[in-house]
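>>> sharing a model prediction with you, sequence too.
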Amino acid sequence: MARFTEELRSAADPIFQAIFDHPFVRGIAEGTLQKAQLMHYVKQDFEYLNAYIRIYGIAISRCTDRSVMALFNEQISFILNSETHPHQNFCEVAGVTYEQLQGYPLAPSADHYVRHMLNAAHEGALEDIVAAMLPCPWTYVEIGRKLLDEINPEPSHPFYDWMHFYGDREFGITEQLRHVLDDSAQTLTPARKQRLMEHFLKSCQLEYMFWDMAYRLEDWPVDLPQAAEVGA
Ligand SMILES: Cc1ncc(C[n+]2csc(CCO)c2C)c(N)n1
């Protein structure tokens, strides 16, 4: 029988293809992104990763298996210590420091994505959380691979480091999260598996929306003056 996560990947294929064709991803390939687009991406992704780390924390609180706890723990360290490299690459190209892009509020699509993962964690079990978290590494490793295959970049390419960071990673964490999900799916009812499919597909759509948010500099509709800060 096909792996459950293979069914998820097939159902999400139109979204994966749309992500590969998205102008932000094409802009990484072609080295044509604007400074403001790179900065918006890093501002949003820094906060997204803070949330993602917390969601691993929630996932740990639902674990019964020590090896799964260890996996989530390793991933938290990986995000804290290594996932900063692709951000540094974008900062260097934009000509800003990483610190300048930290501490901004989440824009609508990034906010929506984080709330979706938190909702899956709130309403469901460990497998609901993992289904909502899996598109994050899965889409990025496929993007990285595809860009490396397609353009085989020279070290002088502005996004050489970004492409190698994600593309060289093989399917490590993606494969490990898939195993957690495939294992638990073996004993789930069709209705439960349908719910996991919904969580997974929504996160894939939100991955697309995250790229689109960065490309279009999406933000909240009304600019608020400093007076909106308490004590300002
Ligand atoms: C919106 C968004 N989606 C995916 C990633 C990539 N990513 C984030 S955390 C992680 C490791 C998972 O354990 C990976 C691969 C990103 N940076 N931003």
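Received, thanks. Numbering: from 1, shown residues only.
>>> okay, the residue nearest the centre of the chain: pLDDT?
In the chain, the residue lying closest to the centroid (CA atoms, centre = their mean) is C136, at 3.3 Å. At C136, the model reports a pLDDT of 98.
>>> that one: which element?
Using DSSP states H and E, C136 falls within helix 135-151.
>>> now do whichever helix or strand comes after that helix and helix 135-151, the angle between them.
Sequence-wise, the next helix or strand downstream of helix 135-151 (DSSP H and E) is helix 160-167. Relative orientation of helix 160-167 versus helix 135-151 (axes from the mean of the first three to the mean of the last three CA atoms, to 10 degrees): 120 degrees.
>>> what residues does the protein put near the ligand?
Within the chain, the positions near the ligand by CB under 6 Å from any ligand atom are 45, 48-49, 52, 75, 79, 83, 136-137, 140, 173, 207, 210. All C-beta atoms are positioned from the backbone trio N, CA, C, and that covers glycine.
>>> tabulate these (JSON lines), appending secondary structure.
Listed next are the residues of the chain next to the ligand as JSON lines, based on DSSP: H, G, I helix; E, B strand; the rest coil:
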{"residue": "D45", "secondary structure": "helix"}
{"residue": "Y48", "secondary structure": "helix"}
{"residue": "L49", "secondary structure": "helix"}
{"residue": "Y52", "secondary structure": "helix"}
{"residue": "Q75", "secondary structure": "helix"}
{"residue": "I79", "secondary structure": "helix"}
{"residue": "E83", "secondary structure": "coil"}
{"residue": "C136", "secondary structure": "helix"}
{"residue": "P137", "secondary structure": "helix"}
{"residue": "Y140", "secondary structure": "helix"}
{"residue": "I173", "secondary structure": "helix"}
{"residue": "E207", "secondary structure": "helix"}
{"residue": "F210", "secondary structure": "helix"}
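>>> out of those, who's nearest R192?
Nearest to R192 among those, counting by CB to CB, is C136 at 21.7 Å.
>>> my read: that closest one touches C204, true?
No. With contacts defined as CB atoms under 8 Å, C136 does not count as touching C204, sitting 9.8 Å away.
>>> please enumerate the helices of this protein.
4-11, 13-20, 23-30, 35-61, 66-81, 84-94, 108-123, 126-133, 135-151, 160-167, 172-185, 190-216 (DSSP state H).
>>> and the closest residue to K146 other than its chain neighbours, what is it in contact with?
Distances taken as CB to CB, 6 or more residues apart in numbering put F20 closest to K146, at 5.9 Å, once the chain neighbours are dropped. F20 makes contacts with 142-143, 146, as judged by CB atoms under 8 Å, 6 or more residues apart in numbering.
>>> distance of F20 from the ligand?
Noted for F20: a distance of 14 Å to the ligand, by CB to the nearest ligand atom, to the nearest Å.
>>> and for P23?
For P23 relative to the ligand (CB to the nearest ligand atom), the value is 16 Å.
>>> pull the number of nearby residues for that residue.
Number of residues near P23 (other CB atoms under 10 Å) recorded here: 15.
>>> shaky segments in this structure?
For the chain, the stretches with pLDDT under 70 are 1, 170-171.
>>> ok, 80 please
The chain contains residues with pLDDT under 80 at 1, 169-171, 226-228, 232.
>>> picking that back up, of the contacts of F20 - the most surrounded one?
Counting neighbours by other CB under 10 Å, the top entry in these is I143, with 23 neighbours.
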